[in-house]
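A.B. asks: Predicted model, plus sequence, below.
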Amino acid sequence: MTPRARGDFVQTDSVKSIAKRALAYLNAGFSVHFRGPAGTGKTTLALHTAAQLNRPTVMITGDEEMVTSNLVGTQHGYNYRRVVDKFIHTVTKVEESADKRWADHRLTTACREGFTLIYDEFTRSRAEANNVLLSVLEEGLLVLPAQNQDEPYIKVHPDFRVIFTSNPQEYAGVHEAQDALGDRIVTIDVDRADRELEVAVATARSGLPHHQVGPIVDLVREFRDTGEYDQVPTLRTSVMISRVVAQQKLKPSIEDAYFVQVCLDVLGSKSAFAGKSANMRAQQQKMLLSLIEHHCSPRPPAAKADRQRTEQDRVASIQTGGGHG
């Protein structure tokens with residue numbers, strides 16, 4: 001397939017910078033590796049970058065069970081041939097043969113045709129499975145297994161590129177990337193989104209108005225800062241809450257009991273309650289309710305104006321020296 005840039009892809013200055021650099025490396029003949037924690041948009045960024053190359057793209061996802069044949073190909077089925085010779089009507093001659101057939105897998109197809117390969121979470125695969133990429137990226141040769149006797153190797157198409165992604169923070173089911181492979185690719189670290197990007201993405205993905213998404217993003221970001229969870233609440237958390245609010249036409253306010261419950265469900269799911277006492281669970285729910293109230297409370301215009309005037313008076317006092325007591 002030839003990917004198209006998704007219509008709701010949000011580009012802030014930081015995203016544009018990463019995409020521009022990645023595209024420059026790819027156009028120069030190098031492959032790129034987006035490295036970052038979960039929820040930072042690595043896969044989306046990889047698909048967006050691949051779309052800019054305007055070449056067909058194939059995608060694979062790293063897995064503990066991945067072996068070289070999953071990338072390159074293997075013998076698949078048999079090709080049967082049966083010949084019946086009745087040239088002499090009194091004699092019937094029958095010949096049968098069965099040959100195994102070779103089937104290319106995605107890496108081989110991409111190398112032959114010059115496609116872009118997106119290797120998502122490649123460190124989930126064992127290093128020995130990925131070793132076949134070393135000669136591909138360095139010498140431009142894909143060495144095929146001995147089973148494919150007719151074609152020991154293929155020359156890699158000059159347009160072939162790989163975009164890798166990985167999450168260095170995960171430890172379960174993740175293997176150390178071999179230095180030899182890392183030396184052949186350009187690694188770009190993708191950090192967590194800033195507030196501007198989180199609000200923009202959640203707005204685009206949910207359809208909720210920008211001014212209603214802001215408090216939800218602030219709520220998720222402050223919960224992230226508390227560290228009171230087992231799984232980091234990422235940008236996807238803000239998108240989940242915002243999308244439900246938009247679809248259910250909820251009021252993102254502490255006064256809407258349904259909205260509060262949605263927040264408790266989504267944010268509470270980031271903590272493993274197994275083995276925790278009822279008192280600990282109650283304390284976390286109390287903390288979440290406090291955050292929801294802080295960020296999603298309706299504020300009367302008059303009270304807001306009073307706070308603004310108080311803040312202005314405080315700033316003026318500091319500037320004139322009255323704030324140093």
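C.D. replies: Looks like it came in fine. All of these numbers come straight from a predicted model, not from anything done at the bench. Residues are numbered from 1 along each chain as shown.

A.B. asks: hmm, who's touching stretch 224-241?
C.D. replies: Stretch 224-241 is contacted from outside by 37-41, 192-193, 197-198, 201-202, 205-206, 213, 216-217, 220, 223, 262-263, 266-267, 269-272, 284, 287, using Cβ atoms under 8 Å, 6 or more residues apart in numbering. Just so you know, the C-beta spots here come from the backbone N, C-alpha and C atoms, and that holds for glycine as well.

A.B. asks: With stretch 121-130 instead?
C.D. replies: Outside stretch 121-130, the residues touching it (Cβ under 8 Å, 6+ apart) are 61-64, 66-68, 70-71, 164-168, 173-178, 181.

A.B. asks: among those residues, which ones are buried?
C.D. replies: Buried subset of the contacts of stretch 121-130 (neighbour count, 16 or more other Cβ atoms under 10 Å): 62, 66, 68, 70-71, 164-167, 174-175, 177-178, 181.

A.B. asks: list the contacts for the spatially most central residue of the chain?
C.D. replies: Among the residues of the chain, the one closest to the centroid is residue 43, at 3.2 Å (Cα atoms, centre = their mean). By Cβ under 8 Å, 6+ apart, the contact set of residue 43 is 118, 120, 165.

A.B. asks: cutoff 10 Å now
C.D. replies: 34, 59, 61, 118, 120-121, 163, 165 (Cβ atoms under 10 Å, 6 or more residues apart in numbering).

A.B. asks: out of the buried ones among the contacts of stretch 121-130, who's nearest residue 156?
C.D. replies: Among the buried ones among the contacts of stretch 121-130, residue 71 lies closest to residue 156 (Cβ to Cβ), at 13.4 Å.

A.B. asks: so how far is residue 253 from residue 63?
C.D. replies: 44 Å (Cβ to Cβ, to the nearest Å).

A.B. asks: and if you look at residue 53?
C.D. replies: Taken as Cβ to Cβ, the span from residue 53 to residue 253 is 45 Å.

A.B. asks: Among the two, which residue is more densely surrounded?
C.D. replies: Comparing residue 53 with residue 253 by other Cβ atoms under 10 Å, the one with more neighbours is residue 53, at 18 against 15.

A.B. asks: which stretches of the protein have low pLDDT?
C.D. replies: 1-8, 74-102, 146-150, 170-173, 273-275, 299-325 (pLDDT under 70).

A.B. asks: one more time with 80, if that's ok
C.D. replies: Scanning the chain with the threshold set as pLDDT under 80 gives 1-12, 73-104, 145-152, 169-178, 272-277, 299-325.

A.B. asks: okay, now the domains of it?
C.D. replies: 13-68+107-189, 195-302 (automatic domain parsing).

A.B. asks: all helices of this protein, in order?
C.D. replies: 13-27, 42-53, 68-72, 106-113, 127-130, 132-138, 179-182, 195-206, 210-226, 235-248, 257-268, 278-295, 301-319 (DSSP state H).
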